[in-house]
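S.K.: Sequence and predicted model, in that order:
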Amino acid sequence: MKRNLVWSNTFTRAVKRLTKKDSRLVEIVTTTADILVADPFDPRLKTHKLKGQFRGYLACSAGYDLRILFKLVKE
């Protein structure tokens, strides 16, 4: 099954803003995105379901204080 990541404009702007402050985050986000495409439930990502306002979304860890929110969509 082939997966695609669709980056929202908000996410793209946030990544640009964060990487200006810390250039190491580019590699961290890129590596996390590669793992996410291969297997969204890889144990390294610590993927978990969200509740409340973000019900229906999942989050994965991209570092100590950085999370990526995503939604699995079947085509």
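M.R.: Thanks, I have it.
S.K.: pretty sure P40 is touching L58, no?
M.R.: Yes - at 7.1 Å, P40 and L58 qualify as touching, with contact defined as Cβ atoms under 8 Å. Every C-beta, even on glycine, is put in place using the N, C-alpha and C of the backbone.
S.K.: quick one, which of these two is more surrounded?
M.R.: A side-by-side neighbour count of P40 and L58, using other Cβ atoms under 10 Å, places L58 first with 18 against 14.
S.K.: Look up phi and psi at the more buried one.
M.R.: Dihedral angles phi and psi of L58 (degrees, to the nearest 10) take the values phi -120, psi 160.
S.K.: I'd say it and K71 touch.
M.R.: Yes - A contact is recorded between L58 and K71 when judged using Cβ under 8 Å, the distance being 7.0 Å.
S.K.: circling back: determine the residues that are contacts of both of P40 and L58.
M.R.: When contacts are counted by Cβ atoms under 8 Å, 6 or more residues apart in numbering, P40 and L58 have 47, 70, 72 as shared neighbours.
S.K.: quick one, helices of this structure?
M.R.: Secondary structure of the chain (DSSP state H): helices at 9-21, 24-38.
S.K.: for those helices, which one ends up most surrounded?
M.R.: helix 24-38 (a mean of 14; mean count of other Cβ atoms under 10 Å).
S.K.: helices and strands around that one, which ones?
M.R.: Contact here means 3 or more Cβ pairs under 8 Å, 6 or more residues apart in numbering; DSSP states H and E; on that basis helix 24-38 packs against helix 9-21, strand 58-61, strand 67-70.
S.K.: switch to 6 Å and redo it
M.R.: In terms of contacts (3 or more Cβ pairs under 6 Å, 6 or more residues apart in numbering; DSSP states H and E), helix 24-38 is packed against helix 9-21.
S.K.: tilt between the helix it packs on and helix 24-38?
M.R.: Per axes from the mean of the first three to the mean of the last three Cα atoms, to 10 degrees, the angle that helix 9-21 makes with helix 24-38 is 140 degrees.
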